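S.K.: please work out how this folds:
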Amino acid sequence: MNTLPTAIIGGGPVAMAAAAQLVKRKMPFMLFERGAHIGAAIHSWQHVRMFSPWEYNIDSAAKELLVESGWSLPQQDHLPTGEELIHLYLYPLSELSSIQPHIHLESTVKAVYRKGFDKMKTAGRDQVPFIVEYEKQGQTLHVEASAVIDATGTWLSPNPIGASGNAAAGEQEHAHHISYGIPDILGANRERYAGKNIVVVGGGHSAIQSLSLLHELKLQVPETTIHWVLRKQSVTEALGGGENDGLPARGELGIRANRYVQNGNVLVHTPFRIHQVKETAGKVSLHGTKTGQDYDINQIDEIIVATGSRPDFSFLRELRYAADSAIESVSQLAELIDPNIHSCGTVRPHGEAELRQPEKNFYILGSKSYGRAPTFLLATGYEQARSVVAALAGDFIAAREVKLHLPETGVCSVPKSALTVTQNESCCGGSAPKRLMVKPIAISSSSNCCGPKKEIESESCRSSNAK
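M.R.: From the prediction side, this is the model:
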């Protein structure tokens, strides 16, 4: 078992960070990317500028390996686009002699299981290797692994438009009017949206990114009409922390969105729950309910769905994995990131201990570890990878020494309740929740107060996005 490689599933930033961490510890690995190149999923949003600077987007082990090869570190406060993330960081990393030979491109993992064991058999389970079954160029291949790291993310599994979590009636039939994620509105997809009647569905940062691109298009083509559909009770719930956000570019997203709404360039429909998509004479309409009444938007040319994404567990069926029943995250992370109870985006440091699965030496990292929760940042995944690889190497001291600093979102919406938060307090981590239960509320404009619901029963905190 000790001579077998660790299998990394996925080819994005967190998967590549795991590879770099394994290289630094001189441990064998193999990486499986379903696309034709590393970071294939990022290509669908390569035109988007990230709101986190390079400082948060480069793994420490990857940085060391790249610098040793003569690579020039990007300016740390620069906000990279998806394209820059690929070409300035992931591609050079993937071409290192210590990593490149172990990458398997166009390799789709179909199943992972224990050799000779189904899910039910226990005795001796931990003593046999994993089998990774993958498809490449029409062939089904099998390799053995001592450990498996699933860093496949969620981007390729977008949530549907339906309010129930399932596809709305007619959504699949009229898919030619629908795009998911953040289209290249000012570039390759410009003609699809210019001068059209467009609906953006979603209340997170991906939706606001699309609104920003559409707004710029509207300035060029005034006939463009933009609708924004949210399930939130008020548009203000989607606007974020503004000037209080630790990432200024993230805060600016909400400020811009509010400006678009206030100047009338974006028409808001909230809370609108979509149940059906219909098409008539080349136009589509959305039907559902708004504040309990029937509601629809008609004569739509295009729909952009930015309602988040969800993990794919289909290839893990014969492994013993655990996921939270509500948000499908790694179980022990649920209380930290569940938008129903705690979603200010500032998550306390966590590593191998919290990510540990019932199946020994199997881990889910990156945005997939957060399930459907929209709070993930790359820096979180990099620290996850460092801690997990340390544990796989037997360095449990290093695995436990988890350190992670994430910029706070500056967002909290708390009704009048038993809570006092001063300007210097943060109840998104550390010891702050211990003092959150007794006094009348007093929250300054820059306070951060996203504590667990079990201690703040009336709390409702807004969420941040994966990027």
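
S.K.: quick one: low-confidence ranges for this protein?
M.R.: 1, 244, 342-346, 408-467 (pLDDT under 70).

S.K.: try it again at 90.
M.R.: Applying pLDDT under 90 to the chain flags residues 1-3, 51, 203-205, 232-264, 292, 334-350, 373-377, 402-467.

S.K.: pretty sure residue 199 sits in a strand.
M.R.: Yes. Counting by DSSP: H, G, I helix; E, B strand; the rest coil, residue 199 is part of a strand.

S.K.: and the residue nearest to residue 395 when sequence neighbours are not counted, how many neighbours does it have?
M.R.: The spatially closest residue to residue 395, leaving aside those adjacent along the chain, is residue 25, at 7.9 Å (CB to CB, 6 or more residues apart in numbering). (C-beta placed from N, C-alpha, C; glycine too.) Residue 25 has 16 neighbours, counted by other CB atoms under 10 Å.

S.K.: enumerate every residue touching residue 297.
M.R.: 199, 227, 229, 269, 272, 285-286 (CB atoms under 8 Å, 6 or more residues apart in numbering).

S.K.: so can I have CSV of those showing neighbour count and secondary structure?
M.R.: Listed next are the contacts of residue 297 as CSV, based on neighbours: other CB atoms under 10 Å; DSSP: H, G, I helix; E, B strand; the rest coil:
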residue, neighbour count, secondary structure
199, 26, strand
227, 20, strand
229, 28, strand
269, 19, strand
272, 23, strand
285, 17, strand
286, 25, strand
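
S.K.: okay if I get these as CSV plus distance to residue 398?
M.R.: Formatted as CSV, these follow (distance: CB to CB, whole Å):
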residue, distance to residue 398
199, 49
227, 51
229, 47
269, 50
272, 49
285, 57
286, 51
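
S.K.: list just the nearest of those residues to residue 130.
M.R.: Using CB to CB, residue 229 is the member of these that sits closest to residue 130, with 43.1 Å.

S.K.: distance-wise, check the closest one relative to residue 185.
M.R.: 17 Å (CB to CB, to the nearest Å).

S.K.: cool, residue 382 as well?
M.R.: 30 Å.

S.K.: next, count neighbours for the nearest residue to residue 190 once chain neighbours are set aside.
M.R.: Excluding the flanking residues, the one nearest residue 190 by CB to CB, 6+ apart is residue 217, at 7.0 Å. A count of nearby residues for residue 217, using other CB under 10 Å, gives 21.

S.K.: show me how far the one helix or strand residue 217 maps to is from its chain's centre.
M.R.: According to DSSP states H and E, residue 217 maps onto helix 205-220. Offset of helix 205-220 from its chain centre (CA atoms, centre = their mean, to the nearest Å): 20 Å.

S.K.: ditto for stretch 271-289
M.R.: Offset of stretch 271-289 from its chain centre (CA atoms, centre = their mean): 27 Å.

S.K.: can you check stretch 149-168 too?
M.R.: For stretch 149-168, the distance to the chain centre is 11 Å (CA atoms, centre = their mean).

S.K.: how about stretch 319-333?
M.R.: Chain-centre distance of stretch 319-333: 15 Å, with CA atoms, centre = their mean.

S.K.: can you give me the end-to-end span of that stretch?
M.R.: 19 Å (CA to CA, to the nearest Å).

S.K.: was I right about residue 267 contacting residue 230?
M.R.: No. In this structure, residue 267 is not within contact of residue 230 by CB atoms under 8 Å, at 11.8 Å.

S.K.: shared neighbours of those two, anything?
M.R.: With contacts defined as CB under 8 Å, 6+ apart, no residue is shared by residue 267 and residue 230.

S.K.: of these two, which one has the most company?
M.R.: Higher neighbour count among residue 267 and residue 230: residue 230, with 22 against 14, using other CB under 10 Å.

S.K.: ok, now which ones touch the nearest residue to residue 124 once chain neighbours are set aside?
M.R.: Nearest non-adjacent residue to residue 124, counting by CB to CB, 6+ apart: residue 117, 7.8 Å away. Contacts for residue 117 (CB under 8 Å, 6+ apart) come out as 124-125, 128, 318.

S.K.: give me phi/psi at residue 117?
M.R.: Its backbone dihedrals place residue 117 at phi -120, psi 130, with angles given as degrees, to the nearest 10.

S.K.: and the closest residue to residue 321 other than its chain neighbours, how many neighbours?
M.R.: Excluding the flanking residues, the one nearest residue 321 by CB to CB, 6+ apart is residue 357, at 5.2 Å. Burial of residue 357 is recorded as 20 neighbouring residues (other CB under 10 Å).
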